[in-house]
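[1] here is my input, please return the structure:
(one chain, ligands or ions: 2)
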Amino acid sequence: PKTIFLSDYQAPAFTVSHTELHFELFDKHSLVHARLHFRRADGVSEDTPLQLNGQELELLALAVDGQKVASAHYELSDDFLRIDGLPQSGVLETSARIYPQSNTSLEGLYRSRGLFCTQCEAEGFRKITWFPDRPDVMSTYSVTIDADAGQCPELLSNGNLMHSEELAEGRHRAVWEDPHPKPSYLFALVAGDLQRVEDSFTTVGGRDVRLIILVEEKDLDKCAHAMDSLKRSMRWDEERFGREYDLDVFHIVAVDDFNMGAMENKSLNIFNTSCVLAAPDTTTDLGYQRIESIVAHEYFHNWSGNRVTCRDWFQLSLKEGFTVFRDAEFSADMGSRSLKRVEDAMTMRTLQFAEDAGPMAHPVRPASFIEISNFYTLTVYEKGAEVVRMIQTLLGEEDFRRGSDLYFERHDGQAVTCDDFIAAMEDVSGKDLTDFKRWYSQAGTPELSIRDSWDEEQGIYTLTVSQQTPASLGQSEKSPVVIPLAMGLLGEAGNLRIKLDGEMTDIESEDNTHRILIADKPTQTFRFTELPERPTPALLRGFSAPVRVDYPYSREQLLALVSRDDDDFVRWDAMQQLMVSALQELQENPEAALDPILETAVNAICSQILDPAVQADMLRLPSETYLSELASHAGKADVHGIFRARESLRKSLAKVFRERWASLFEGLRVTEPYAPTGEQIGSRALANVALDYLATADDQGVALARDYYFAADNLTNRLVALRAVLREGSAERGEELLEDFYQRFCGEALAMNHWLLVQAENSVGDSISRVRALMQHPAYDSRNPNKIRSLIGGFANGNAVQFHREDGAGYQLLGEVVEALNAQNPQIASRLLAPLTRWKNYAAGGDLMRAELQRLSELPSLSPDVYEVVNKSLA
Ligand code: HT7
Ligand code: ZN
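    Ligands and ions are numbered 1, 2, ... in the order given. Presented below is the predicted three-dimensional model:
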């Protein structure tokens with residue numbers, strides 16, 4: 001496989017202004033007839049051939065302006081069709097035969113439970129027809145679809161329906177036109193037997209838009225939440241970003257077999273069923289929130305991605321980072337801003353920091369790749385969004401919005417770069433973001449080391465801030481990045497007024513207890529004057545930058561922050577640090593008593609009036625994954641030690657606070673019928689944390705959890721109870737509930753994903769035999785990404801002690817599945833591999849993990865996807 005470099009980018013030699021596609025869909029194969037209206041770009045010499053991407057296509061016909069192309073004038077390979085001797089402009093016609101029913105990669109045109117559907121991002125369109133399959137070739141499309149009317153009553157593509165008619169032999173036809181020029185990755189086609197849920201939305205400019213969600217008949221009652229989310233997103237994007245919808249119809253189609261969450265094809269979004277269908281019995285609270293944010297995310301792409309798209313795939317974060325930022329702001333506005341920030345910070349610190357420290361580390365704008373599908377990562381998406389958030393922090397909300405308006409206005413209909421985005425922000429604000437742009441090109445998580453000193457006599461407090469970014473593959477030397485460090489100074493009675501040395505006058509702004517320091521040098525000093533007492537620094541408020549912070553807090557200081565700081569992120573983070581330090585102590589000394597400061601902190605959290613969902617996050621133990629990440633950052637992780645320490649702390653907290661958990665649980669029980677409102681979700685989250693501790697405390701708690709399982713009117717409560725009983729109860733009790741769950745929901749694919757996941761993550765007993773048995777169970781489907789993610793991904797990512805079994809059986813299991821998937825679905829295969837690639841993080845087991853990777857690397861015909869991950873991990 002070949003490495004592609006950003007530095008080799010060249011503008012396309014030919015443009016395609018208009019594309020006509022005619023699909024003839026049949027059971028055994030399909031025919032795709034294409035007419036590309038091409039033009040040679042200015043300045044390109046006449047002997048430059050037209051190079052089209054094409055894979056797994058059988059060529060049936062090839063003509064230019066109605067004349068068959070002679071074999072001397074074209075060259076066909078596995079990946080390309082090259083044609084020379086072309087006029088300056090003309091129409092290229094091709095016909096291809098393809099086999100959607102045997103396309104298991106779920107890229108291009110494929111069938112999912114009989115439904116024809118497409119996935120073209122990033123490079124799937126080339127499996128449909130020959131085309132310059134790159135995002136900077138933008139074309140309008142007319143699409144004709146012919147199919148059997150009985151099997152496929154719905155025939156859909158992008159844009160507006162222009163015409164439909166009956167054809168001979170029970171077939172029918174639909175013709176769609178999309179007037180907005182778009183790159184090929186946004187093309188979509190759907191044909192099948194689906195039912196519609198319809199609603200409408202009137203845009204701020206008065207356009208009436210039909211909103212249509214298409215699903216299988218059995219799922220018609222699960223669309224209301226997605227439809228409401230869509231309408232809220234449309235209104236929010238008008239109000240917050242001034243973006244209005246631009247067509248008369250917007251479709252969402254739910255598909256069972258889908259490699260990712262959803263896809264923003266112009267006016268024809270295609271969704272994984274798990275990201276659109278919602279019902280209390282089959283969807284958790286988290287699931288409801290995820291659906292709202294993914295519906296919003298895909299809708300927001302209509303501007304940030306579709307109207308203004310990426311010049312090349314290195315610029316992926318231009319659309320993804322910006323759109324994740326937009327969806328995060330939407331979720332914050334719809335629910336709790338603090339909660340959203342805490343949860344995003346948790347994802348960044350647990351998963352993205354690990355990616356940044358691993359063998360696949362790459363900048364937000366990668367400089368090279370072998371397979372672009374491997375770069376739909378937390379770095380490009382979540383860190384990319386954090387980078388956009390920092391721009392907003394540096395510019396202020398008003399200028400940021402003006403920058404966004406300018407960006408959309410300046411580049412509407414264009415394929416552009418991250419530099420263009422930054423330039424718009426610079427132009428409106430007059431700020432120079434040259435140094436800031438390092439965030440796009442430098443991989444790795446910057447580390448801030450912060451030390452302080454106190455001059456009692458003068459009331460001067462000094463913070464010395466040093467930054468350093470660890471070396472990564474191909475980037476040994478790193479320069480400082482521009483870090484907005486939001487902070488405050490906490491005194492005995494609350495936050496202190498902040499005055500920096502050299503400030504001429506008192507800043508009597510409304511909020512003079514909060515500052516954003518700019519850390520942009522290897523080391524710098526900030527002096528705070530006129531302070532009445534030595535403060536505790538409240539650092540990185542609101543998780544103002546995606547960095548690690550090292551400050552030697554005492555436990556008393558952490559308790560002060562937990563109890564009294566103004567910022568929920570800082571309070572949550574301080575509580576995490578207290579728990580981490582208790583866990584580290586337990587790892588060293590399993591007999592260590594519960595830290596009294598931690599006890600006081602728990603009491604403080606429970607007795608405060610806080611958002612209950614944030615309170616729940618503060619009372620939950622840090623995850624094993626986060627603890628492993630921290631340990632490997634400091635040296636090597638001992639997953640078994642982490643597991644034991646965590647179990648032990650859970651037991652202590654459960655017993656010491658038993659009465660508190662009982663009264664929290666009773667006081668918070670939701671008695672109204674289930675609704676995914678912020679209020680109910682918060683109460684459930686806190687009640688369920690309490691229930692989990694109660695089940696840990698004693699048999700009475702386990703019995704309570706069992707009753708809670710049977711009384712549940714929603715999946716959130718049922719799963720919390722099920723997990724608690726599996727972990728704390730007898731094997732029989734666990735089996736009883738698993739069997740009950742299966743009997744209740746075996747007809748519901750989405751609930752079955754959870755059933756597989758809880759068993760995969762259950763570390764009691766022999767998980768590997770259980771997972772292997774489940775791989776043969778009728779509820780599992782080795783071709784369905786959701787099932788693979790639940791069972792195999794759940795095991796490898798969420799059951800550390802069994803995945804890292806000393807005999808290496810966990811690694812072998814994952815290796816076998818990846819090997820089978822390599823040919824069947826390379827995108828899923830390479831994503832599944834991630835836990836094996838972190839072999840350097842573990843003291844024990846690292847060699848066996850490496851050996852499994854080595855075995856994979858020696859397999860014949862590795863897909864580029866798996867090849868890239870395996871080889872970079874072994875390097
Ligand atoms: N833009 C979409 C990305 C996506 C995708 C990428 C590779 C392979 C399959 C895929 N399905 C969807 C989704 C998004 O970020 O909105
Ligand atoms: Zn996206």
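
[2] name the residues of the stretch 1-150 of the chain found near ligand 1, please.
    Counting by Cβ under 6 Å from any ligand atom, the stretch 1-150 of the chain comes close to ligand 1 at 119, 121-122. For glycine as for every other residue, the C-beta is placed from the backbone atoms N, C-alpha and C.

[3] check those against ligand 2, which are close?
    Among those, none lies close to ligand 2 by the criterion of Cβ under 5 Å from the ion.

[4] nearest spatial neighbour of L653, skipping sequence neighbours?
    Y693 (6.2 Å; Cβ to Cβ, 6 or more residues apart in numbering).

[5] for whichever strand or helix holds that neighbour, packing partners?
    Per DSSP states H and E: Y693 is located in helix 678-697. On a contact count with 3 or more Cβ pairs under 8 Å, 6 or more residues apart in numbering; DSSP states H and E, helix 678-697 meets helix 285-300, helix 612-619, helix 639-656, helix 658-668, helix 699-711, helix 715-728.

[6] tell me the buried residues in it?
    Using 16 or more other Cβ atoms under 10 Å as the test for burial, helix 678-697 gives 678, 680-697.

[7] correct me, but the residue nearest to L653 touches F657?
    Yes: Y693 lies in contact with F657 (Cβ atoms under 8 Å); the separation is 6.9 Å.

[8] what residues are up against D707?
    Residues near D707 by Cβ atoms under 8 Å, 6 or more residues apart in numbering: none.

[9] could you do the one 5 residues further on as well?
    Taking Cβ under 8 Å, 6+ apart as the definition of contact, the neighbours of A712 are 718, 721.

[10] ok and the residue in the stretch 751-875 of the chain nearest ligand 1?
    Q827 (5.6 Å; Cβ to the nearest ligand atom).

[11] tell me the SS of the residue of the stretch 751-875 of the chain found nearest ligand 2?
    Ranked by Cβ to the ion, the top residue of the stretch 751-875 of the chain for proximity to ligand 2 is Q827, at 15.5 Å. Counting by DSSP: H, G, I helix; E, B strand; the rest coil, the backbone at Q827 sits in helix.

[12] regarding whatever residue of the stretch 101-250 of the chain ends up closest to ligand 1, what is its secondary structure?
    Residue of the stretch 101-250 of the chain nearest ligand 1, by Cβ to the nearest ligand atom: E121 (4.6 Å). For E121, the assignment made with three-state DSSP gives coil.

[13] how about P87?
    P87 - assigned by three-state DSSP - is coil.

[14] what about it, neighbour count?
    11 (other Cβ atoms under 10 Å).

[15] correct me if wrong: it contacts Q67.
    No: contact criterion Cβ under 8 Å: P87 and Q67 do not qualify, at 10.6 Å.

[16] that's a helix at R805, yeah?
    No: per three-state DSSP, R805 lies outside any helix segment and is coil.

[17] list the residues that contact it.
    Counted by Cβ under 8 Å, 6+ apart, R805 has contacts I768.

[18] just T347 next, same as before
    Contacts of T347 (Cβ under 8 Å, 6+ apart): 378, 382.

[19] could you check how far it is from Q289?
    Separation of T347 from Q289 (Cβ to Cβ, to the nearest Å) stands at 13 Å.

[20] and for K636?
    With Cβ to Cβ as the criterion, K636 and Q289 are 35 Å apart.

[21] what do you get for S683?
    Applying Cβ to Cβ to S683 and Q289 gives a distance of 15 Å.

[22] need the distance between the two termini of stretch 850-863.
    Length of stretch 850-863, first residue to last, Cα to Cα, to the nearest Å: 19 Å.

[23] likewise stretch 114-132?
    Start-to-end, stretch 114-132 (Cα to Cα) is 29 Å.

[24] how near is the closest residue to the residue of the stretch 101-250 of the chain closest to ligand 1 other than its chain neighbours to T94?
    Among residues not flanking E121 along the chain, Y185 sits closest, at 4.2 Å (Cβ to Cβ, 6+ apart). Using Cβ to Cβ, Y185 is found at 19 Å from T94.

[25] kindly report the same for R410.
    R410 is 35 Å from T94, by Cβ to Cβ.

[26] have a look at the two and say which one is more surrounded.
    T94 (23 against 14).

[27] report the rounded mean pLDDT for whatever helix or strand that one lives in.
    Element membership for T94 (DSSP H and E) is strand 89-98. Taken as a whole, strand 89-98 has a mean pLDDT of 98.

[28] and it, what's buried?
    Buried, per 16+ other Cβ under 10 Å, within strand 89-98: 90, 92-96, 98.

[29] check stretch 239-254 too.
    So stretch 239-254, judged by 16+ other Cβ under 10 Å, has buried residues 241, 243-247, 249-254.

[30] which of these fall in strands?
    249-254 (DSSP state E).

[31] residue contacts, whichever residue of the stretch 351-500 of the chain sits closest to ligand 2?
    Nearest residue of the stretch 351-500 of the chain to ligand 2, counting by Cβ to the ion: Y381, 7.1 Å away. Shown in contact with Y381 (Cβ under 8 Å, 6+ apart): 317, 320-321, 324.

[32] closest to ligand 1 among those?
    E320 (5.4 Å).

[33] what's stretch 632-650 in contact with?
    Residues contacting stretch 632-650 (Cβ under 8 Å, 6+ apart): 353-354, 357, 548, 579, 582-584, 586-587, 590, 594, 621, 624, 627-629, 631, 693, 696, 763, 800-801, 804, 838, 840-844, 846.

[34] distance of the residue nearest to F125 when sequence neighbours are not counted relative to F80?
    Closest residue to F125 apart from its sequence neighbours, by Cβ to Cβ, 6+ apart: S184 at 3.8 Å. The spacing between S184 and F80, counted by Cβ to Cβ, is 15 Å.
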